[in-house]
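Visitor: Can you look at this prediction? I've put the sequence above it.
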Amino acid sequence: MASVVRTDGFVDRHLNRKCSRPLTLLFLKTSLTPNSITLLAMFIGLGAAAAFAYGGYAGGIIGALLFQLSLIVDCCDGEVARIKHLESPFGDRFDLLADNMVHIAIIAGITWAAYREEGLIYVLLGMVAATGMLIDLFVILRDSPANGATESLLNNFLVQLTNRDFSVLILFLALVSKPEWFIWFAAIGSHIYWLLYLWQRRVQSQNR
């Protein structure tokens with residue numbers, strides 16, 4: 001799993017964006033700025049992390065639903081920014097950092113609940129996953145926008161890794177009372193992402 005850049009996957013296109021449109025119309029009638037909406041989405045996401053940390057079946061379901069709601073609200077900030085012509089590099093970076101803060105908090109919440117039930121192994125897995133996400137964020141933030149990605153099978157694969165369809169996986173795992181399984185996916189996927197990303201950049205630089 002990677003969480004560093006914004007790409008619309010199947011769930012964003014067919015669920016989150018459709019649900020966000022009425023909310024966007026509501027936000028447009030207020031004085032809320034896109035960055036304020038980003039903060040709102042972040043706080044909802046942190047609430048989801050707290051629910052996961054509480055544990056139990058109800059905590060997992062509430063956490064998964066709140067996380068999905070945070071993603072829906074998070075779609076609104078960009079929509080409001082585009083309509084009000086308030087897009088900015090700072091807003092993009094702030095949104096990116098808020099997204100990753102939520103994702104790491106979700107990992108921490110699930111890890112805490114799993115640790116109480118399953119033991120130390122999930123603390124180690126959670127640390128591996130969080131470290132991978134931080135490395136993902138670092139390699140993206142340090143990269144120059146001028147180094148645009150080329151069209152390739154690898155680039156298309158990396159783009160697919162960065163969408164937020166994993167929220168449905170979390171909901172499914174919560175429904176079957178196994179949200180801790182997501183830690184395994186995150187621990188592996190986050191490191192696969194940055195390794196492939198750096199390899200792709202190296203190949204691109206050699207081809208110039």
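Guide: That came through, no problem.
Visitor: Going along the chain, name the helices of the chain.
Guide: Residue ranges of the helices in the chain, as given by DSSP state H, are 10-11, 17-28, 34-54, 56-83, 89-118, 121-141, 153-161, 166-175, 181-207.
Visitor: Out of these, name the one with the poorest average pLDDT.
Guide: Ranked by mean pLDDT, those bottom out at helix 153-161, which scores a mean of 52.
Visitor: Neighbours of residue 50, how many?
Guide: For residue 50, the neighbour count with other Cβ atoms under 10 Å is 17. Every C-beta, even on glycine, is put in place using the N, C-alpha and C of the backbone.
Visitor: I figured it hits residue 109, correct?
Guide: Yes - Residue 50 is within contact range of residue 109, at 6.4 Å (criterion: Cβ atoms under 8 Å).
Visitor: Pull up the overlap in contacts between these two.
Guide: Residues touching both residue 50 and residue 109 comprise residue 63, with contact defined as Cβ atoms under 8 Å, 6 or more residues apart in numbering.
Visitor: gap between residue 48 and residue 170?
Guide: 9 Å (Cβ to Cβ, to the nearest Å).
Visitor: Give me the common contacts of those two.
Guide: Joint contacts of residue 48 and residue 170 (Cβ under 8 Å, 6+ apart) are 64, 67, 106.
Visitor: Among the residues you listed, which one has the most neighbours?
Guide: Going by other Cβ under 10 Å, residue 106 tops these with 30 neighbours.
Visitor: How about the contacts made by it?
Guide: 45, 48, 49, 52, 63, 67, 170.
Visitor: what about residue 123, how many neighbours?
Guide: 15.
Visitor: excluding its backbone neighbours, what's nearest it?
Guide: Closest residue to residue 123 apart from its sequence neighbours, by Cβ to Cβ, 6 or more residues apart in numbering: residue 115 at 5.1 Å.
Visitor: what's the neighbour count on the one you found?
Guide: What residue 115 shows, counting by other Cβ under 10 Å, is a neighbour count of 19.
Visitor: separation between it and residue 109?
Guide: 11 Å.
Visitor: now residue 15
Guide: 22 Å.
Visitor: now residue 13
Guide: Applying Cβ to Cβ to residue 13 and residue 109 gives a distance of 27 Å.
Visitor: who has more neighbours, the two?
Guide: Ranked by neighbour count (other Cβ under 10 Å), residue 13 and residue 109 place residue 109 first, with 26 against 12.
Visitor: What residues does the more buried one make contact with?
Guide: Neighbour list for residue 109: 48, 49, 50, 51, 52, 53, 63 [criterion: Cβ under 8 Å, 6+ apart].
Visitor: Swap in 10 Å and give it another go.
Guide: 46-55, 59-60, 63, 67, 126, 179 (Cβ atoms under 10 Å, 6 or more residues apart in numbering).
Visitor: same deal with residue 75?
Guide: Contacts for residue 75 (Cβ under 10 Å, 6+ apart) come out as 6, 8, 12, 15-21, 23-24, 37, 41, 164.
Visitor: Can you say which two of those residues are spatially most distant?
Guide: Greatest spacing in the contacts of residue 75, by Cβ to Cβ: 15 and 37 (18.4 Å).
Visitor: between the two, who's got more neighbours?
Guide: residue 37 (24 against 18).
Visitor: so what's the closest residue to the more buried one other than its chain neighbours up against?
Guide: Spatially, and ignoring its direct neighbours in sequence, residue 37 is nearest to residue 77 (4.1 Å; Cβ to Cβ, 6+ apart). Residues near residue 77 by Cβ under 10 Å, 6+ apart: 20, 24, 27, 32-41, 86, 91, 94-95, 98.
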